[in-house]
Each structure stands twice: as C-alpha cells, then as structure tokens.
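Asker: 3D, please:
(chains A and B)
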Amino acid sequence: MRNGLRGGHGRYPRAALAALAALALAVPMGREALAQAAAPQVYVVALATVKNVADRPTTPIPASLRGNTLYWRVLGSGSAVSYQLCMGFFGTQRDAESARQQLAASFRDARVVQVHSQERDNLEKASRAKAVAPAAGAPPLLPAAAPAAVPVPAPTPPAPAKSAQAEQAPQAAAAPPPAGSAEALMAAGRNAIVREDYAAAIRAFTQLLALPENSLTRDAQEFLALSYERRGDTARARAEYESYLKRYPEGEDAARVRQRLATLSAEPQAQQLRAPSEPQQGWRSFVGGGLSQFYYRGNSTIDSRPLGANALDRTTLSLVDQSALITSFDANARFLDDTHENRIVFRDVNTRNFISGQESINRLDSAYYDYKYKPASASARLGRQPGNTAGLPGRFDGALLGYGFTSSTRLNLAAGEPVVPGFTIDSVQRFYSASAELGPFNQRWSGNVYVFRQTVDGIADRDAVGMEARYFMPQGYFSTAVDYDTLFRHLNFATAQGNWIAPWKTAFNLLLDYRMTPSLQTTSAIIGEATTSIRQLLNTYTEDELRQRARALTAQSAIAYGGFTHPVSSVWQLGANVSVTRISHTDGTNNYPATPGSGYVYTFTAQAIGTGVFATRDVNVFSASRVSADTYTGLAGQITTRIPVGANWTFDAAVLWYGQDNQDGSTLQRVSPVGRASYRWRNSVTLEAEAGIENTTARSAFLQEDTRRYFFSLGYRWDF
Amino acid sequence: MRAALAVLLVVMHAGPALAAVIDEISVERRDAPRVTLRLTGPVHYIRDYASENGELVNVQLQALAPLAPGGNVFPDEVKAFKGEAAVPPFTVRVSLDPKCEPVPNPICLLIQFERPVRSRVRLGEDRRSLLLDFPAIADEKKRSPSANKTN
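Answerer: You can find the predicted model right below:
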C-alpha cells in the first residue's frame, strides 16, 4: 500500500498525517468562512466523505498530484458530524477540475469545491505554529509541502489526534517543555481550543501573555481573541483583537486580524449572506407557531358612602366589567436554501366580547410574504407587516423592497397604507418612502436617513425627513434619532438613548425623548368632528385650516429617564432610576375642547432584584416608587416572585400597593395581589390560570368609595 | 383629574398600537449560537437579570411609542422557540402591563428555557432586536445577577 493514504512511508503517509493534523480545522474554518468578508476563493477536490477518520480511503494517489496538500474538513449537520478528505489548493477551477479528472478513477465521488482562501491560510498558520512550539500533546506537524500558517490552533480533535500521534511516535518522545513556559502554555491553550474548552484556552493564553514578550506572544494574543470569539464573547474578542492591532499593527497577520474584527462588527444577517464554503444543504422548510385561547373575566363591586350628614345614603353597585375570549393564532413558515429564503407570516388576535355594548374585535397583526435573495442582499416583503423603522408607520399594508449595494449601504423603498388597529377612518391614507441604511463604519457606527410622504384623500398628510445614528461599543451603546415634518415645519420627534456598563459592573442607562402625540399629520383634524372623512372636511376647511386644527389637537410629550443597576452580591443587585415626564396642553378646536397639560411628573424608583433567595430557581423583584406631580403625590411598592417547580410548573405571585394624596385633600389607596400558575403538558401545550383582587379606597371630604374587583383568566396555548 | 384626562387623551390618540412585539425568533449557527428576537419597533434597553441557574431571564425594555392596546386587558404575547443549534427550547412572554416596570411604555420579557443554560442578552445594533448569546456552560463561573448582562 505504498504511496497510499494508509501506512507505509514516503510522501503520502506524511500527507495523510497532515490530513489528520488538519482535521478539526474544518469546523472552525467552515464556520469562520461564514464570517469572512469577500476575499479570494480557491478550489479543492473533495475526495471522499466518511463518518469517521479511521475510515479514510486507502486508495493510492496519482504520482502527479502528490505535491498537493491533503487535509480533512469537518462537516456538521445538526448533531451529526462527517469528515471530508480534500486535496488542495488550486488557484483556478480549471486546475482543480483537471486534478479531479485524474482522481476520478480512484475516487468516483470526487468533486470540485470552492473554499475560502482562509482555509488554506489556516493550514499554513497551523504548520507554522507547530514549527514554533513543538511539544508533547501539541498538534502534529503539517507536511512541508503545506503552505504555512493559521491562527487556528485547532488541529486534531481527540479521536483523530490519537491516530496522528501514534503515527509520529518518534516525535512524541521529545522532552516536554517546562510547565508554565510559553511553549507549554501555548500547547495547553491550543489543545484546549481543540477540546472546545475555551475557558481553559483563555486561562492559558492569558498566562502566556503575562510572561515577558517572547516569540509566542503575538500568536497568543490572537489565539486569546479567537478563544473569546469562539466562546461567544464578542465584546471581549473585539477588545483582544484591537489590543493585537495596537501591539502588532503591521504584517499579514494584522491584516487577517483586521478582517476578523470587521467581521465581528458585521450584522449577523450579512454574515449569513456570505456563507461561501458551507456544503450545500438543498431546500429546507420550517413551520412553527402557536394557538392560544384565554377567557378573561372581571367583577367589580363599588360601595359608595357619603360622609357626614348624608352617611345613610349608601349605594352598592356590582357588575361584570370584563368577559371576553381572546384567541391568538400565529404561524410562521420558512422555505429556504443557501441562496433564497421565503417566509410567510400570519398573526391574528380575535377578541370575542360577551358583555353587551362591548364590541368584538378581530385584529390582523401580520399577513405577509418575505423573500430574500442572499447573494445580492436583496429582499422584498409584501402584505400587512410591521414598520416602525425609517419613518414607516408601525404597521402597514404594502411592500418593502431592499437592496444592498455594498456591505455598508442598503437602500429600502416602501409604499402602502398605514394600519392603526382600532382607529378606522373614512379616508384613504397612502404613503411611500425611501431610506438608506448605512454602516457599520469603523466597526461601531451605523444609522439611516429617510424621506417619507403620506397623503390622505389626495392631500398631503405627513411629509418628513429623518435620520438615526447609532454608536455601539463593547461596554454599551448610544443612539439618536430625529424626525422633522416638512409639512408642519415642526420637529416630530427627537430621541437619544444610551447604555453603558462601567468597569465596576454598574450598568447605566439614559433616555431623552421628545415627540408629538399623535404624530403630526393632517388626519388628526378629524378628532372631534362628526365625520371621519378628510374629503368631507375639505368641503368646510381648507388644507391649511385642517393642518392648523390638527396641530391644535396634537400634544407634545417629553421624557427624561436615567437609571443604574449594580450587583452587590451573587444574589442581589440594586438599582434606582428617576424619570421626568411632561405632556403639554392642547389648544383644542371648536369641536373638541382644549386639554390641560400634565405638568412635570417626577418618579423615583428603587429596586432590589434577588435570585435564588427563597429557592434555587426563583427570581424576585422588590421595588418602591415615589411619584410627584403638580396635583398629587403617590407612593408605590411592589413585590414580584417567580418560581419554576419541577419540570412542568411555574408559579408567579405579585403584590402591588399604591397610595396617593391629591392636592384637594382626597386620597386613594390600592392593594392588588395577583397569582398565576402554568402547567406544561406534553411539551407543546401549556395550561394557565391567573387570578387576582384589586381593592381600592378613594376618600374625599364628602365621600368614601370602596371598589373591590375580582378577576381571573384561564386558558391554554398550543405551540406547534 | 384634568391631568389624568390629558394623559388618557394622549394614550387614546397616541401613535400606532403594536399588539405584537416580537416579529420573529431566529437562530444563527456560529461557533456559539446566537438567537435573535426581532421586535416590531425600536426600544430602549433598561436591564436584564436571570435566575441563578439561567433558566429564567427577565429583560426590561421601554418602547419609544405607546404599545399597549388599550382597555383593561393586557393579554401577554407568548412565543415559543423549539430549540436549535444547541439552544434549548424556550418561551418568551411579553407583557405590556404598565405595572411591570416603573417607566412609561414598559415592555417586560420573560424568557423561560426548558433547562438551565448560560445566556447573555444585549440590544441589537438596530435597536429593534434582542440578541441572546450562549457562551459554553463550562466557561461560565457561578452566575451572579451582574450588570454585565451575562445570564
């Protein structure tokens, strides 16, 4: 079997050794390839795919091809793993095809596969790393013929490593490096990565980096970043890659690290679109969703007792204030391959009211078809869909088309009719908009700009331009958005928000938000009118008058919110926040009265969050708030506990207390305990019941009113 | 009373009510799987915290426009994820009850995994998604309800 893949001496046993040595590179390589930016592609010939490397083919390789590299790729599909023996690397498909034809007699299933050049580079790097740090337990040597190098210290998962090491027994006899040396730590770290024990890898590379600068420091820095990345700690991975570039800004490795850093900052969707070397899996389909039905019932008893002289005029009123069956249906079907993705979404909520005078409502939330063509980053979505981005209405019937011109520039066009549940008008509203999604730039900046125009019964309803800028860093983010209405010549909203985690683990967050409520639009002029038709109102008012009326019915809302949370032990974290809100008055019209503003409302809240306080699996929240406004002050306290019990039960309990003193001397007290239990049956069905009481006492100088409300809900949810 | 009426007016007339908060749950297969909860609108992240074993994860958000559908019924939205790419099955319960967090327009998410798991929550860079990462369980030290959002 000389010159074959199994046993013997000479070039190909060494190549086979190399193949084993390179095994396990494939998983990282395949997955990493998902994240690579567009880069040169190379070709390999996939000779055979086996379930176990021990089953590697014994077929001889033609002499003319023995100078090439043989290596294993690991293919994963769900939990199943198979191994693909490959020969490479070929710069052109033609060369690869020529090689395949020479191999066809021995490997009938051989085929040409395009792979990312990173795969070749990984092999080279592994070879170089081994050359630097030969150690017992370290990955075996790659063939001399293999181009050099890879920052993936992966070679050889446990099983194949055994074979490989057995085949190079003489080398294993070399004396191991002293414990704690750079070489030993490098070997330990690399082996830990092979075992996917990234915590151990991080420990080893961190220790190595603590040693004086040596020949392995540079690789260790890169491996450390890689370990964080594999562990899923993107923020730390970024920080370590950035640290690498600060220390080693030049060279081929630096270019590779820059590429990985850029990849980490890319959108997940974009990364999926770049998946170049994963084996084709054909069309796949998924269907999922849920159906739930819950019955809600509430019963209130109101006991009014005049105080003072008329104390005997006591009245009691009891009524069912809620009796409704709410049915929700949600279905999501997906049909995709590596190029196309089709998705159909349907979501509907039906409320059947059993109290006379209360309307039954059906609300179709979503019913849309979504298509994505991945190679061109193109997409189309048709039907009732959520908007809420780049000036779009929260929900609309229409179309949204997108195309990515570059990895950092995407154009979206949308057109349709807005849908506002529970707000039906006898007018036709239509809109169209264009937006550009920009970024990421410098791995941290992104945003969008947009123009939006909406008409109602043929006249301008809302014209707006807007932008959003976002800055994300490992410790938090900051973003701001502005929407300016060019029709009303007024700011529609401006918001700024941020979140930052300090090195001492305190998390801060901030929100400043100003907006017109409702959004500035001519349609608001129908408020208070006898008709909901703008067309009819145009018989009475001019367009400008309608806009003046709309403006007079629109309030301004402002919110400033800031808070922090800090862990004080393994069980407790404490937090506090303060918010200031204000809603302005409205001027009103001749058909709708002016409304007063709320004044400034200040809310101070302190929270304690405890986990594992009463049981291993519980979560408890204790909070206290003080509300202060122009006309009242209030105090609130709340305790919430949630405990899963066994495999199928979950219990929730909450008690809320609220007390309010009004400026006119009246008071209000409310206590509300609520409990909920849910039971999961056969994994897909959940039965749930909730019940509670709300006791409210309102007292003024002349009257005391006690309200007791019982409420419960009962139902099921089926997830399919 | 007049102030309360003003608030009521605003709530009634405020922008589009979004009954459905979660538009899609998807998983991305990477070296470590990542689950994306795509939301129907932009949100402000406030905090998250989890039970000691990671089985329950609470995420508190704030909508930048009123989401509550109105009336005195706030049926929670519940979505299930069947489990994929080593991510255990879980359900997400979304509550828009104003009492769930003392901020205007709160969105309170309860993620309940079928088994203990270490996860990390962060806001997506589009502000319209939540990302759940799953570092290897073996890598995680004993969980603490820390602000570093490692659940």
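
Asker: Distance of A:E229 relative to chain B?
Answerer: Remark: distance between A:E229 and chain B (CB to the nearest CB, to the nearest Å) = 7 Å. C-betas here are computed from N, CA, C, even on glycine.

Asker: Determine the three-state secondary structure at B:E125.
Answerer: Under DSSP: H, G, I helix; E, B strand; the rest coil, B:E125 falls in the coil class.

Asker: That one reaches A:Y471, doesn't it?
Answerer: No - using CB atoms under 8 Å, B:E125 makes no contact with A:Y471, being 9.5 Å away.

Asker: Can you pick out the residue with more neighbours from those two?
Answerer: Shown here are B:E125 and A:Y471; by other CB atoms under 10 Å in any protein chain shown, B:E125 has more neighbours (21 against 17).

Asker: Now do the contacts for the more buried one.
Answerer: Each residue near B:E125 by CB atoms under 8 Å, 6 or more residues apart in numbering or on different chains is listed here: A:267, A:440, A:446, A:470, A:472, A:477.

Asker: got the residue ranges for the helices in chain B?
Answerer: B:2-13 (DSSP state H).

Asker: circling back to that earlier point, out of the contacts of B:E125, the closest to A:S427 would be?
Answerer: Lowest distance from A:S427 to the contacts of B:E125 (CB to CB) belongs to A:R470, with 35.4 Å.

Asker: is the helix or strand A:A414 falls within anywhere near chain B?
Answerer: Using DSSP states H and E, A:A414 falls within strand A:409-418. Yes - using CB under 8 Å from any CB of the partner chain, strand A:409-418 reaches chain B at A:P418.

Asker: tell me which residues in that strand are buried?
Answerer: Buried residues in strand A:409-418, defined by neighbour count with 16 or more other CB atoms under 10 Å in any protein chain shown: A:410, A:412, A:414, A:416, A:418.

Asker: Which other helices and strands does it contact?
Answerer: In terms of contacts (3 or more CB pairs under 8 Å, 6 or more residues apart in numbering or on different chains; DSSP states H and E), strand A:409-418 is packed against strand A:395-406, strand A:429-441.

Asker: Not counting residues beside it along the chain, what's closest to the residue of the stretch 101-250 of chain A found nearest chain B?
Answerer: Nearest residue of the stretch 101-250 of chain A to chain B (CB to the nearest CB) works out as A:G232 at 2.9 Å. Leaving out its chain neighbours, the residue that sits closest to A:G232 by CB to CB, 6 or more residues apart in numbering or on different chains is B:A32, at 2.9 Å.

Asker: what's the overlap in contacts for B:E125 and A:Y471?
Answerer: Residues touching both B:E125 and A:Y471 by CB under 8 Å, 6+ apart: A:Y477.

Asker: thinking again about what came up before, turn the buried residues of strand A:409-418 into a markdown table, columns for distance to B:I107 and pLDDT.
Answerer: Output for these, formatted as a markdown table (distance: CB to CB, whole Å; pLDDT from 0 to 100):
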| residue | distance to B:I107 | pLDDT |
| --- | --- | --- |
| A:R410 | 27 | 93 |
| A:N412 | 25 | 96 |
| A:A414 | 24 | 97 |
| A:G416 | 25 | 96 |
| A:P418 | 22 | 93 |
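
Asker: Break down the stretch 101-250 of chain A into its helices, ranges please.
Answerer: A:117-132, A:158-167, A:169-172, A:182-194, A:198-210, A:217-231, A:234-247 (DSSP state H, counting those that start in this stretch).

Asker: model confidence over the longest one, on average?
Answerer: Okay, so that is helix A:117-132. For helix A:117-132, mean pLDDT rounds to 63.

Asker: What of the second one?
Answerer: Predicted confidence along helix A:158-167 averages 31 (mean pLDDT).

Asker: With the fifth one instead?
Answerer: Over the span of helix A:198-210, the pLDDT mean works out to 80.

Asker: try the last one
Answerer: Averaged across helix A:234-247, pLDDT comes to 78.

Asker: Tell me which of the helices of the stretch 101-250 of chain A lies nearest to A:A654.
Answerer: That would be helix A:234-247 among those, by CB to CB, at 33.9 Å.

Asker: and that closest one, what does it pack onto?
Answerer: Packing partners of helix A:234-247 (3+ CB pairs under 8 Å, 6+ apart): helix A:217-231, helix A:252-265.

Asker: mean pLDDT for those helices: which is lowest?
Answerer: Among these, helix A:252-265 has the lowest mean pLDDT, at a mean of 74.
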